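Trainee: okay, sequence plus prediction incoming.
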Amino acid sequence: MDTLRITDGRVLRPDGTVEDADVLVDRDEGTILDIGSDIDAEADEALDADGCLVMPGLVNAHCHVSMTLLRGYADDKPLDAWLQEDIWPTEAALTPEDVRVGAELGLVEMIKSGTTGFADMYFHVPEVVAAIEEAGIRARVGHGVVTIGKDEEDAWDDIEESFDVAREFDGAADGRIRTAVMPHSLTTVDEEYLREATAEAHDEGIPVHYHANETTNEVDPIVEERDERPLAYAQDLGMLTDADFVAHGVHVDDEEISLLADAGTGVVHCPASNMKLASGMAPVQDMLDAGVTVGIGTDGAASNNDLDMFDEMRDAAMIGKLAADDASAVAAPDVLDMATAGSADAIGLPGGTLEVGGVADIAVVDFDAPHLTPATNLVSHLVYAARGSDVRHTICDGQVLMRDREVLTLDESAVVDRARSTVDALHERV
Ligand SMILES: CSC[C@H]1O[C@@H](n2cnc3c(O)ncnc32)[C@H](O)[C@@H]1O
Ligand SMILES: [Zn+2]
C-alpha cells in the first residue's frame, strides 16, 4: 500500500473540534486510513503540517471555471445587462481551446486556495473535463443549456449535448468526475424542454442543476405569467429532488424554503456574485433553520472576481448577518460547514469532512502569519481572517496537488502565460 502521512499538525474534526494529530492516507484508495497522535506506521511520503491546521478541502459548489478568462472584463453592471451586453457576446467567441486554458487557470487558483471539489456549468465541457483530469481535483460538471432565442432544432441539440456530456463523462478521472444535466435557469430554458429533460435525467439517475431565484427580474415574470413562485414551478417540473441543486436562491419566500427543505434540494449560496451584481441578499439563516442543505460557491470569476473560497466564507458570514439583521446569524462554524460538508452534500460529491474511511480531500492551512495571530479560535480565523494564500498543501483523492505552495499537477507559470496570450487573442477577435 502506498501511503502519505501529514505530520505534526492540528486536525479539524467533523464536530468542529481541533486535536493535535497526524493523518495517514492510503494513496492507492484515496482514503484516510487513520487520524491520531499515536499512529504506528511509516509512510512512503510525509507532508509537514507543523503550525498548520489540517482541514477538509473546500468545495466550491457553483462555478463556471473557464470564466477566469473574463475576470475584470465587465464589472459594475446588474446580471441581465452584464450577461446580454458583455458576457454572452464574448463567450460566443470562445473556442474549445480557450475554455481549456480558462479552466486550467481556474483550477490552479482553486488548488492554491485549498479547494478540492467543485461543480461547474459551462460549454465545451470535454475541454473542462480534460483540465480537471490533469489537475487532479474532484468535480461535478455539466453542459449549460439555453433555449430562449433558439429554434426548436437548436434547442433540442443543446439539450442533447447536455445529456451526451452527462453520460460520457460520469465516472471519468478514476471516478473523480460526476455529471449533471444543467439547464441554465427557469427563464432561459422554455417549459417543454425543462419538463422533458428533467424527466429523462431523473430516469437515468442524473441530477439537474440550474440557476434559480437569483434576481427579482427573474422571479417577477414567472410570478406574473404563472401565478406561482419559481420554485413551485420548478417542483411542478420535477426539478426539486434530493439529487438536484440550485445556484443562488436569493429571492425565496418561506413557502419556497419549505419546498427546498422537504425535497432535500441543495441550494448553493454565492454571496460575492450576489453582492457584485446587486442581485440581493439570500436568507441563508432562514434556510439553515428550515433544514435546507446549503453549500457555498464563487460563481464565475467575472462576477466575483476570484475563486477563493476563504473570501467566499467571509462574504457569506457578513452578508448573512446583514440579511438577517442579526450579528449572531450565519455564524463561523455554520459557514465552515456550508463551505465543506454542506457543499459536498448539495452537489452529491464525497468529501467535506475528515474521517477515517472517508476520501482524503484535504487542505493544510498555515497559521504562522500575523493576520492569524493569536490563534485563539481556529474556526473563526478560517472564516473571518484566513486567505487562500495561507494554504500550504492541497490533497485530493489522496494525491498531493500542491506541496509547500507549489502546484504539482499543472505548470502554474505556463498556465498563466497561456491565459494571457489567449485573452489577448480573444480581445483582438471580439
Ligand atoms: C450556458 S453555460 C452557463 C452560463 O451561465 C452564465 N453565468 C455566469 N454567471 C451567472 C449568473 O450569476 N447567473 C446566471 N448566469 C450566469 C455564464 O456566463 C454562462 O453563459
Ligand atoms: Zn452561475
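Mentor: Received the coordinates, thanks. Ligands and ions are numbered 1, 2, ... in the order given.

Trainee: domain ranges for this protein?
Mentor: Using automatic domain parsing, the domain ranges for the chain come out as 3-56+354-407, 58-347.

Trainee: just the pLDDT for the closest residue to ligand 1 within the chain.
Mentor: Nearest residue of the chain to ligand 1, counting by C-beta to the nearest ligand atom: residue 144, 2.5 Å away. (Each C-beta comes from the backbone N, C-alpha and C, glycine too.) Per-residue confidence (pLDDT) for residue 144: 98.

Trainee: that one falls within a strand, correct?
Mentor: Yes - membership of residue 144 in a strand is supported by DSSP: H, G, I helix; E, B strand; the rest coil.

Trainee: wait, it sits on residue 181?
Mentor: No - contact criterion C-beta atoms under 8 Å: residue 144 and residue 181 do not qualify, at 9.9 Å.

Trainee: contact partners for residue 102?
Mentor: For residue 102, the contacting residues are 65, 66, 67, 68, 69, 70, 94, 419, 422, by C-beta atoms under 8 Å, 6 or more residues apart in numbering.

Trainee: should've said residue 41
Mentor: Contacts of residue 41 by C-beta under 8 Å, 6+ apart are 3, 5, 24, 33, 34.

Trainee: now the contacts of residue 102 in JSON lines, with pLDDT, neighbour count and distance to ligand 1?
Mentor: Below are the contacts of residue 102 laid out as JSON lines (pLDDT from 0 to 100; neighbours: other C-beta atoms under 10 Å; distance: C-beta to the nearest ligand atom, whole Å):
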{"residue": "65", "pLDDT": "99", "neighbour count": "31", "distance to ligand 1": "11"}
{"residue": "66", "pLDDT": "99", "neighbour count": "29", "distance to ligand 1": "9"}
{"residue": "67", "pLDDT": "98", "neighbour count": "29", "distance to ligand 1": "6"}
{"residue": "68", "pLDDT": "98", "neighbour count": "27", "distance to ligand 1": "12"}
{"residue": "69", "pLDDT": "98", "neighbour count": "23", "distance to ligand 1": "11"}
{"residue": "70", "pLDDT": "98", "neighbour count": "22", "distance to ligand 1": "8"}
{"residue": "94", "pLDDT": "98", "neighbour count": "23", "distance to ligand 1": "10"}
{"residue": "419", "pLDDT": "98", "neighbour count": "20", "distance to ligand 1": "17"}
{"residue": "422", "pLDDT": "98", "neighbour count": "20", "distance to ligand 1": "17"}
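
Trainee: of the residues you listed, closest to residue 137?
Mentor: residue 65 (9.8 Å; C-beta to C-beta).

Trainee: residue contacts, the closest one?
Mentor: Neighbour list for residue 65: 102, 103, 106, 107, 110, 118, 120, 122, 128, 131, 300, 307 [criterion: C-beta under 8 Å, 6+ apart].
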